[in-house]
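**Student:** below: sequence and its predicted model.
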Amino acid sequence: MWIQKELRLKPRTRGFHLITDEIVRQLPELQQFAVGLVHIFIQHTSASLTINENADPTVRADFESVFNRLVPEDQPFYQHTLEGSDDLPAHIKSSLLGPSLTIPLTAGRLNLGTWQGIYLCEHRDHGGSRRLLITLNGEAAR
């Protein structure tokens, strides 16, 4: 069985945001699957997705600090500057983390580890609402 669906995420400030519950709330179709895969693709070039610690919010704050040091704004050699000082660094950060995730689906649920959560990595100061394309593939539950 295959299902494909577009989800909209609420706008968020720059940073790393735990979005697992927001995704699951918008995917009642998960319950139709006994086993399979969920592919999550963000349709943007200045935000990305990753999986990491879901319990301690300081992890997400530290991620933001590290990425801002790795890819600083306002570098004199940047050429792509017309959309703001955060734009080119956002593209680079997005490329480092990537636009998609694939997660196992077991008994109608995302089969994440106990301490794993899905992060929206918002790399713009004002990125706005973000779109995710979700593809579900697997065997139907009986």
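**Tutor:** Structure received.
**Student:** who does the closest residue to Arg12 other than its chain neighbours form a beta bridge with?
**Tutor:** Excluding its sequence neighbours, the residue lying closest to Arg12 (Cβ to Cβ, 6 or more residues apart in numbering) is Glu122, at 5.0 Å. No exception for glycine: its C-beta is placed from N, CA and C like everyone else's. Listed by DSSP bridges, the beta-bridge partners for Glu122 are Gly15, Ala47.
**Student:** now do the contacts for Glu122.
**Tutor:** For Glu122, the set of contacting residues under the criterion of Cβ atoms under 8 Å, 6 or more residues apart in numbering consists of Arg12, Thr13, Arg14, Gly15, Phe16, His17, Ala47, Arg130.
**Student:** now do Ala140
**Tutor:** Ala140 is in contact with Met1, Gln32, Phe33, Ala34, counting by Cβ under 8 Å, 6+ apart.
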